[in-house]
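Chemist: Quick one, fold the following:
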Amino acid sequence: MGTIEQLHARLSARFPDAALTVVLNPGPAAQHSLLVPATQARAIAEFLRDDPELQLDTCSNVTGIDWPEREITETVRRTVTEPLPADAPPGTAPAAKVVEEKVRRVVPGHLEVVYHLYSVARGHGPVILRLRTVDRGDQVALPSLTPVWRACEFQEREVFDLFGVVFTGHPDLRRLLMWDEFRDHPMRKDYVEPDDYEWEPTPHDRILTQAQRHYPAPPAGSGESAPR
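Modeler: Okay, the predicted model is just below:
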């Protein structure tokens with residue numbers, strides 16, 4: 001099957017308009033991945049499945065990742081030309097030196113979906129694909145790969161439920177773990193856990209302390225206390 005760089009070159013030749021990026025994994029497993037543009041993800045997935053040499057016929061895992069907006073600091077090197085002294089001989093070339101600067105920049109937030117692909121027919125893998133949304137707000141749609149690999153169906157539903165990615169073309173996109181009326185996505189990093197668990201039959205300890213803030217205050221002088 002070759003390396004991720006070889007796969008990148010092969011897909012770039014097959015899809016010259018696709019902005020494909022190799023994402024290196026610095027960990028011991030070194031399972032590098034390929035970032036695929038959402039607009040061409042379906043066509044690329046079908047090629048990976050149908051190509052006689054690759055035959056990536058199985059998707060074993062679909063994972064969601066939340067990347068909130070963050071600020072990073074980068075070291076930038078630039079060449080600076082020093083001014084010539086007034087008494088420099090004619091024809092003297094100005095000296096140049098390399099300086100390093102710390103530059104801060106804001107990386108916009110987005111959601112990411114990671115697919116692990118294998119070939120049962122040829123016994124190789126994984127090939128890891130990444131798809132990214134435009135942001136974490138209104139533009140969170142990505143194409144469903146369930147029509148390519150049926151094993152994605154429940155796992156994409158889980159990512160939709162817990163992270164909020166909307167998979168266009170999914171045959172049955174609805175919540176899998178949370179109830180239909182639930183409005184949030186519990187695996188997002190800015191998710192705020194509710195402090196009033198109405199389903200808790202015997203609230204106690206921390207849950208009781210939090211829930212008491214929602215109980216009506218007893219009338220003054222009644223001698224009553226909040227429910228326990």
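
Chemist: For Met1, which non-adjacent residue is spatially closest?
Modeler: Leaving aside its sequence neighbours, Met1 sits nearest to His124 (C-beta to C-beta, 6 or more residues apart in numbering; 4.6 Å). The way it works is simple: take the backbone N, C-alpha and C, and place the C-beta from them, glycine included.

Chemist: ok, so what distance separates the one you found from Asp57?
Modeler: Counting by C-beta to C-beta, to the nearest Å, the separation of His124 from Asp57 is 11 Å.

Chemist: all helices of this protein, in order?
Modeler: For the chain, the helices defined by DSSP state H occupy 4-14, 41-50, 152-163, 205-211.

Chemist: buried set for the second one?
Modeler: It refers to helix 41-50. 41-42, 44-45, 47-49 (16 or more other C-beta atoms under 10 Å).

Chemist: tell me the two of these that are most distant?
Modeler: Distances among these were taken as C-beta to C-beta; the most separated pair is Ala41 and Arg49, at 12.5 Å.

Chemist: before we move on, the earlier item: want to throw the helices of the chain into JSON lines with distance to Gly27?
Modeler: Formatted as JSON lines, the helices of the chain follow (distance: least, C-beta to C-beta, whole Å):
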{"stretch": "helix 4-14", "distance to Gly27": "14"}
{"stretch": "helix 41-50", "distance to Gly27": "23"}
{"stretch": "helix 152-163", "distance to Gly27": "22"}
{"stretch": "helix 205-211", "distance to Gly27": "35"}
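
Chemist: who wins for proximity to Asn61 among those?
Modeler: Among the helices of the chain, the nearest to Asn61 by C-beta to C-beta is helix 152-163 (7.0 Å).

Chemist: The closest one packs against which elements?
Modeler: Under the contact definition 3 or more C-beta pairs under 8 Å, 6 or more residues apart in numbering; DSSP states H and E, helix 152-163 sits against strand 58-67, strand 110-119, strand 166-168.

Chemist: residues contacting the closest residue to Gln40 other than its chain neighbours?
Modeler: Leaving aside its chain neighbours, Gln40 sits nearest to Ala18 (4.7 Å; criterion: C-beta to C-beta, 6+ apart). By C-beta atoms under 8 Å, 6 or more residues apart in numbering, the contact list for Ala18 reads 11-12, 36-37, 40, 44.

Chemist: Just the buried residues of the residues you listed.
Modeler: Buried among these by 16+ other C-beta under 10 Å: 11, 36, 40, 44.

Chemist: Mind telling me the two of these farthest from one another?
Modeler: Farthest apart among those by C-beta to C-beta are Leu11 and Gln40. That separation is 9.5 Å.

Chemist: Relative to Val23, how far out is Glu82?
Modeler: Counting by C-beta to C-beta, the gap from Glu82 to Val23 is 40 Å.

Chemist: So for these two, which residue has more residues nearby?
Modeler: Neighbours per residue, other C-beta atoms under 10 Å: of Glu82 and Val23, the larger number sits with Val23, 13 against 9.
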